[in-house]
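Trainee: sharing a model that was predicted from the sequence below.
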Amino acid sequence: MASNKISRRELLKLAAASAAAVGTGFIPSIKIFASPAGQETITLRFQENAENYGAIVEAFREKFPNVNIEFVNVTGVDHAEIASKILSQLAAGQPVNIGYAATEATQLYAGEGLAMPLTERAVADQAELAEYFADVSPTLVEGMMYEGDLYQLPRDFNAAHIYLNKTLLEEAGLEVPGETWTKDDFLEYAKALTGIGGGDSFGYGWTNRLWGSWTPWFFVNDTNLLTEERAPGGEAIWNTFYADEPLAEGRGGGWRWPAPQANNPAMVEALEFVVSLTEQGLTPEVQIGGGDTLDGFFVSNKLGMTVAGGFWAGALVAKGMEKGSFEVQYWPEWKSQRHQFGTGGAWILNGAGGEDEAWEFVKFNTATEIMLMIPWMANASTTPVRRSINTPEYWGQTGLENGHVFYDALDKRPDTAPIPAPVFSIEMTNIYTRFTSLATSREMTPKDALDGMQAELEALYARS
Amino acid sequence: MTSSAVQSPAPQPGNPLTRWFRADTLDGVRRQRAILGYLFILPTIIGLLVFIVGPMVGSFGLSFYKWNVFRPPEFIGLANFERLASDARVFVSFKNTFILVAMTVVMLEALALALALSVYRLANRALATFFRTAYFLPVLLSGAAVAVTLGYLFNKDFGVINYYLGLLGVPKIPWLTSSDVVLFSIALTTVWRNLGFTFIIYLGGLSSMPGEVLEAAEVDGATGLQKFLKITLPLLSPTILFAVVTDVIKMLQFFDEPFIMTRGGPGDSSRTVVMMMYESGFGNLEFGYASAIALVLFSVIMIVTGFQFYLSRRWVFYR
C-alpha cells in the first residue's frame, strides 16, 4: 500500500501558495462602511478618548440613545503624525466617522474628499447654531473652510505668543513688556535673560515645527513661506452668520497658498535673525518636535521666553509651575505685528454612513457647557474658540493677567492668519523643518537653506 | 496444514481519509506523529504567513503601484524603482545606514566579547550573575524610552554628558545637532541598549567551549594572548558569525533612535533607510514608493547576509 505521508517539501509548497494568496489580498481597498439603513442603533467611531469625552458622550446619548460612540484614541508628537495615523487606519479599512483635525490637516482631508462639507447643514440649522457662530471669531471659521465650503466647526485654537518667565524677569530687573514691544525690545530682553538663574539660563527657546518655531517671526516680518490668497465663495456662511460683523468683511471661502516663496528677502532676514540668537548664545540648540523639551527648561527657570499658545498656560501649572510665575504677551512688532494661529475642530467622514447622527454630535459639542466638560478645556490648557469663555477668570486660574491677548489676537488684529497648510502640508512641513534644522545647526547659511527649501517646495508643488 | 503467509489486516471502518489517518501500521504511526507535529507548529506558521510573509508579498506587489490611500492604487510598473535610482535622499539614507551599521556592529562585537570574557573568567559566581543581569537589563527597555532619555542626556546645552565633560574642560559638543557627530551619538545609544544581547550570545559561546583544549594549550606553554588568538577565537567563530549576522540585520533596520532623537536631522545627516520608508509612506502618502524602498532594503539585507556567509568559509571553524 502506498504511503501518503505529508512531506516537508509538500507542506512548504502549500505554505508558499497560501502566502501568495494572502499577499495578493493585501493590496488594500478603502472599505466604506455600509449605510446602516433601517438599523435602530448606529455606532460612530470618534477620534478621541473616554477621559476627555466620556461625560460628553453620556450626555449626548441621553438626547440620542440610538447613537453609540466608539472612541478611537490617536496620539502623536505633532498634528502631522496624528494625521498620518488617521490615514493609516483609513488604509487598513478602519476609518473614523468623526475625526479631529487641526489646521495642519484641514485642507488635506477636505481637498482629498475625505471630509464632508458642512455649509449646507450649518445653514439649514442656523437657528441652532447662530449663538455659536456669534461667539466665534470669523477668522477661525475661515480657517476651517476650503474652496468655498466649511468643513469643520472650530473647537479650540492657539495663536503664537511669547511666554515670559517672571522669576527670571524679576532677577533681570525687567517688567512684562507692553503690547507694542518691538523686535529690538525682544532682543534686549533675550540678552538680559541669558546667563542668569544660576548662570545657565537662556533668553529665548523654540522648537523646529510648523506652528510656532520661527513662523511667527516671518509673519511679523510681513511675509510667509507660501504666497497667500483667499478662495472665492463662503457667502452662505458669511451672510447667514456674520452679516453684521465687521471682522467678516472681505473674507472668502478659505485660504489658498498657490506658490512657495521660501527664499524671498524677508524670509531670509527672519531666519537670519533667529539663527543669530543661537550664535549669540541666547537660544539653546533647536530640536525638532512639539516643545516638550522646553517645558522642563521653562519650569525650572532655565528659559526666559518661549513661543506658545493658550495650550501652555494650563500645561505649565499642571507641570508644577506656580500660578502667576509666568506671563504672556503679543508677538513683538517688526514690520508688522501679524500673528499666526492654528485652529481645530471635528470633521465628518464623507460617504461612510451615519452622517446625520455625526452632524448631531458635532453640533452638540458646540454648546459652552459641553465644551467645558472637556477637562483640558476647563483648566485653560487650550484657547477655546468661544469668545465668552475667554474671560479674565478663565485665564486667571493659571495666574495669567494678560490672558486677553489670546482672543484679542483675533478680535483686535484682523490680519491674524492661519499657518500655511495646503493639502500637502505634511510633506511641506518635512521640507520646512529639514532645511530649518540645517540653518539652525549652522550646516548651511540661512540663505542657502532657504534656497534649498524653495527648490524642494517648487518640486512638491509641481507634482501635487 | 495451516498457512504461514502474513495475513493483511482487516479493513478498518470509516471513509478512506480517516482510514488513512488511523492506519495501524508503522507508516500510519509516522503519519500521525508528523501531522501532530505540524499541528503544533501551525499557529506559528499562520502567524508568520499573516503578519510577516503576507505583508511582505503585499508590499512587493504595492511597489509597482502608486497609492495615496484616498484613491485606488494605480499600476505604474517600474516607475517607483526608476525614481528611487535617481533619488539623492535615498542614497544619503543608505549611506547613513551603512555608516551606522559599521560603527555600531564593530563597537558591539568588541565590547560584548570583552565583557563576556571578563564575566566568564570571574571566579565569584554571584558577581558573575550580577553582571550578567546588569548588562542584559537595557535590552529589556523600550527603544523609544531609551532614545528619549539619551536624547536628554545628549542635549548640548542642558545634557548631563556635556555637563561632566565641561568639568573636564571639554567644550560643549553638539551631539545631536552636528552632522559630524550625530551618527556617532546614535551609534552609542544603540550600542548601550543592545550590548547585553550580544554579550549573552558570546557568554553562551564561551561556556560551550571545551575546557580541555585550553588546558592542553596551557600545559604546552601558550601565553594568554596565544590562547585567545589561536584557540578561543577560532572555537568561538561560529558564535561570532551568528552575532555579527544578527546584529547587521538588526542595524540595517535602524529607526527608533534616529527618529526620536533627531528626526533624521540636521537635514538628512541621520536619516536612515527605514526613516525614508516611513516618511515616504506615512508622511508623503506615497505607499508604493515606500514599498519600493522596502523591497530594495530587503534585497540589500539578503545580499549582505549572503556575502557574510560566503566570507565565513574562510574564517569560521566548525568543530
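Mentor: Yep, it's here.

Trainee: what pLDDT does A:Val22 get?
Mentor: Looking at A:Val22, its pLDDT reads 49.

Trainee: domain ranges for the chain?
Mentor: Looking at chain A here, since you left the chain open. The record's domain split for chain A, according to automatic domain parsing, is A:42-157+A:343-392, A:161-225+A:261-338+A:424-463.

Trainee: actually it's chain B I care about, not the one you picked
Mentor: Taken from automatic domain parsing, chain B resolves into B:16-62, B:79-315.

Trainee: what's the burial count for whichever residue of the stretch 101-250 of chain B sits closest to chain A?
Mentor: Relative to chain A, the nearest point of the stretch 101-250 of chain B is B:Asp157 (4.0 Å; C-beta to the nearest C-beta). (Glycine included, C-beta is placed from N, CA and C.) When counting by other C-beta atoms under 10 Å in any protein chain shown, one arrives at 17 neighbours for B:Asp157.

Trainee: and the closest residue to it other than its chain neighbours, how far from B:Phe158?
Mentor: Of all residues not flanking B:Asp157 in the chain, A:Pro284 sits nearest, at 4.0 Å (C-beta to C-beta, 6 or more residues apart in numbering or on different chains). To B:Phe158, A:Pro284 is 7 Å away according to C-beta to C-beta, to the nearest Å.

Trainee: with neighbour numbers in mind, choose between those two.
Mentor: A:Pro284 (23 against 19).

Trainee: re the thing from before, need the winner for burial among the domains of chain B.
Mentor: domain B:79-315 (a mean of 17; mean count of other C-beta atoms under 10 Å in any protein chain shown).

Trainee: for the stretch 201-350 of chain A, give me the ranges with low pLDDT.
Mentor: A:288-292 (pLDDT under 70).

Trainee: can you rerun that using 80?
Mentor: The stretch 201-350 of chain A contains residues with pLDDT under 80 at A:287-293.

Trainee: close to chain A: what parts of the stretch 201-319 of chain B are there?
Mentor: B:262-269, B:279, B:282-285, B:287 (C-beta under 8 Å from any C-beta of the partner chain).

Trainee: show me what the longest strand anywhere in chain A is packed against.
Mentor: In chain A, assigned by DSSP state E, the strand with the most residues is strand A:340-348. Secondary-structure packing of strand A:340-348 (3 or more C-beta pairs under 8 Å, 6 or more residues apart in numbering or on different chains; DSSP states H and E): strand A:98-102, helix A:103-111, helix A:138-143, strand A:153-159, helix A:215-220, helix A:355-364, strand A:417-418.

Trainee: indicate which one of those is closest to chain B.
Mentor: helix A:103-111 (8.8 Å).

Trainee: ok now that closest one, how far from the chain's centre?
Mentor: 11 Å (C-alpha atoms, centre = their mean, to the nearest Å).

Trainee: same question, stretch B:211-228
Mentor: 34 Å.

Trainee: neighbouring contacts of that stretch?
Mentor: B:230-232, B:235 (C-beta atoms under 8 Å, 6 or more residues apart in numbering or on different chains).

Trainee: want to throw those residues into TSV with pLDDT?
Mentor: Below are the contacts of stretch B:211-228 laid out as TSV (pLDDT from 0 to 100):
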residue	pLDDT
B:Lys230	87
B:Ile231	88
B:Thr232	89
B:Leu235	91
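
Trainee: can you list those in TSV and add secondary structure?
Mentor: Shown next, in TSV, are these (DSSP: H, G, I helix; E, B strand; the rest coil):
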residue	secondary structure
B:Lys230	helix
B:Ile231	helix
B:Thr232	helix
B:Leu235	helix
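
Trainee: thought A:Phe219 was touching A:Arg338?
Mentor: Yes. Checked against C-beta atoms under 8 Å, the pair A:Phe219 and A:Arg338 is within contact range at 4.8 Å.

Trainee: quick check: phi and psi on A:Tyr189?
Mentor: phi -60, psi -50 (degrees, to the nearest 10).

Trainee: relative to B:Val181, which of the domains of chain A is closest?
Mentor: Of all the domains of chain A, domain A:161-225+A:261-338+A:424-463 sits nearest to B:Val181, with 10.6 Å by C-beta to C-beta.

Trainee: any idea which element A:Asp408 lies in?
Mentor: Assigned by DSSP states H and E, A:Asp408 falls within helix A:404-411.

Trainee: and that helix, what's buried?
Mentor: The neighbour-count check on helix A:404-411 (16 or more other C-beta atoms under 10 Å in any protein chain shown) flags A:404-410 as buried.

Trainee: A:Thr445: which of the residues you listed is nearest?
Mentor: The closest of the buried residues of helix A:404-411, once distances to A:Thr445 are taken by C-beta to C-beta, is A:Ala409, at 32.4 Å.

Trainee: run through the residues that contact the closest one.
Mentor: A:159, A:161, A:330, A:339, A:341, A:416.

Trainee: how far away is it from A:Ser388?
Mentor: 17 Å.

Trainee: got it, and A:Ser84?
Mentor: A:Ser84 is 35 Å from A:Ser388, by C-beta to C-beta.

Trainee: neighbour count winner among the two?
Mentor: A count of neighbours by other C-beta under 10 Å puts A:Ser84 above the other of A:Ser84 and A:Ser388, at 22 against 13.

Trainee: so who does the closest residue in space to the more buried one that isn't next to it in sequence touch?
Mentor: Residue nearest to A:Ser84 in three dimensions, not counting chain neighbours: B:Phe282, with 4.2 Å by C-beta to C-beta, 6+ apart. Contact analysis of B:Phe282 by C-beta under 8 Å, 6+ apart lists A:84-85, A:87-88, B:290.
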